[in-house]
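Could you look at this predicted model? Sequence included:
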Amino acid sequence: MSLRDVKRETLYPTLRRFLASNVGKRWNGLYSKICAVESANTEFGREIRRAVEHMVDTKGPSIHPNDYYVDERGLLCASKRQSWKARYRARNNNAPITKIFFENDRPDKWYELSNIDYHWTKDHQLVPRGRKLYWFQFTRVYIDETRPVFEYVRHNDQSKDITVPNQIGVKAYVREEVHKKQCNSKEIKKLQAIALRQVTIKKLEYQRGEQRQLTAYVAGSMKG
């Protein structure tokens, strides 16, 4: 089937076969042949040109490639198609590492890239003091504490009902705190090497609630 026999219902299959059979040829000549099928003044002619725009990147390969593109020499080339798994893996490998766990450190200790501090502006907004990010050590600690347990007793005092708290014991509970400390130059050097993937990383995973930020799990410890 030639281009001149193309119909509206067979437009895309015909264009795909035509482009596939002409890879490596000059794009200007191919585009002239496609445009000669129908005038741009007709609805079908405009539909043909829109279909070509959806199939061919005329300015070279793009981030989200079409099936074909035109290289710097003006030749039609086929795009290298990747599966979604390959695209996910490539994006995962290129995402920044902003949180690091060491295997031999206790589970409640990690290192994170974050702003140094926050402050209140004149219009009552909480913003970071600067755009620069720093490495911090976070440590989660658990503190055993107790608190009194009361029961409320009603008394009749001068014809008035008064509720009076009466302590009947204490209740033990655990309070959780997270301590934050800025890393020193030696620790920063080691963390930066991990963030730049210059050391072996056992596992990478996306942070919960964050897009394109990774948590790295590394063997050993900060001191080791």
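Looks like it arrived, so ask away. Residues are numbered from 1 along each chain as shown.

how about the nearest residue to Val52 once chain neighbours are set aside, phi and psi?
Using CB to CB, 6 or more residues apart in numbering and skipping residues adjacent in sequence, the residue nearest Val52 is Ile34, 6.0 Å away. Heads up, the C-betas are built off the backbone N, CA and C, glycines and all. With angles defined as degrees, to the nearest 10, Ile34 sits at phi -70, psi -40.

helix or strand right after the helix-or-strand element of the chain with minimal mean pLDDT?
The weakest-scoring helix or strand in the chain, judged by mean pLDDT, DSSP states H and E, is strand 126-128 (a mean of 54). Where DSSP states H and E defines the elements, the next helix or strand beyond strand 126-128 is strand 133-157.

give the contact list for the residue nearest to Val52.
3, 15, 18, 48-49, 52 (CB atoms under 8 Å, 6 or more residues apart in numbering).

What distance do you get for it to Asp105?
Per CB to CB, to the nearest Å, Ile34 is found 63 Å from Asp105.

how about the helices of the protein, start to end?
For the chain, the helices defined by DSSP state H cover 11-20, 27-35, 43-55, 84-94, 185-195.

Take these and write them to CSV, including mean pLDDT.
Listed next are those as CSV, based on pLDDT from 0 to 100:
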stretch, mean pLDDT
helix 11-20, 89
helix 27-35, 91
helix 43-55, 90
helix 84-94, 71
helix 185-195, 91
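
Now render those helices as a markdown table, adding distance to Pro65.
Listed next are those as a markdown table, based on distance: least, CB to CB, whole Å:
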| stretch | distance to Pro65 |
| --- | --- |
| helix 11-20 | 14 |
| helix 27-35 | 15 |
| helix 43-55 | 11 |
| helix 84-94 | 11 |
| helix 185-195 | 29 |
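
Point out the one among those helices that comes closest to Ala172.
Closest to Ala172 of the helices of the chain, according to CB to CB: helix 185-195, at 36.0 Å.

what's the pLDDT at the closest residue to Lys190 other than its chain neighbours?
In space, and not counting its chain neighbours, Lys190 is closest to Met222: 6.8 Å by CB to CB, 6+ apart. pLDDT for Met222: 87.

Low-confidence bits of the protein, can you list those?
1-2, 63-64, 87, 90-93, 115-132, 156-160, 208-211 (pLDDT under 70).

Which parts of it belong to which domain?
3-78, 87-139+179-218 (automatic domain parsing).

Just the endpoints, please. Distance across the shortest one?
With CA to CA, to the nearest Å as the measure, the first residue of domain 3-78 is 20 Å from its last.

Can you get me a residue count around Tyr31?
16 (other CB atoms under 10 Å).

What of Leu113?
Quick note: Leu113 (other CB under 10 Å) scores 18 neighbours.

Find the nearest non-adjacent residue to it, please.
Thr98 (4.4 Å).

Over to Ile168?
Glu151 (5.2 Å).
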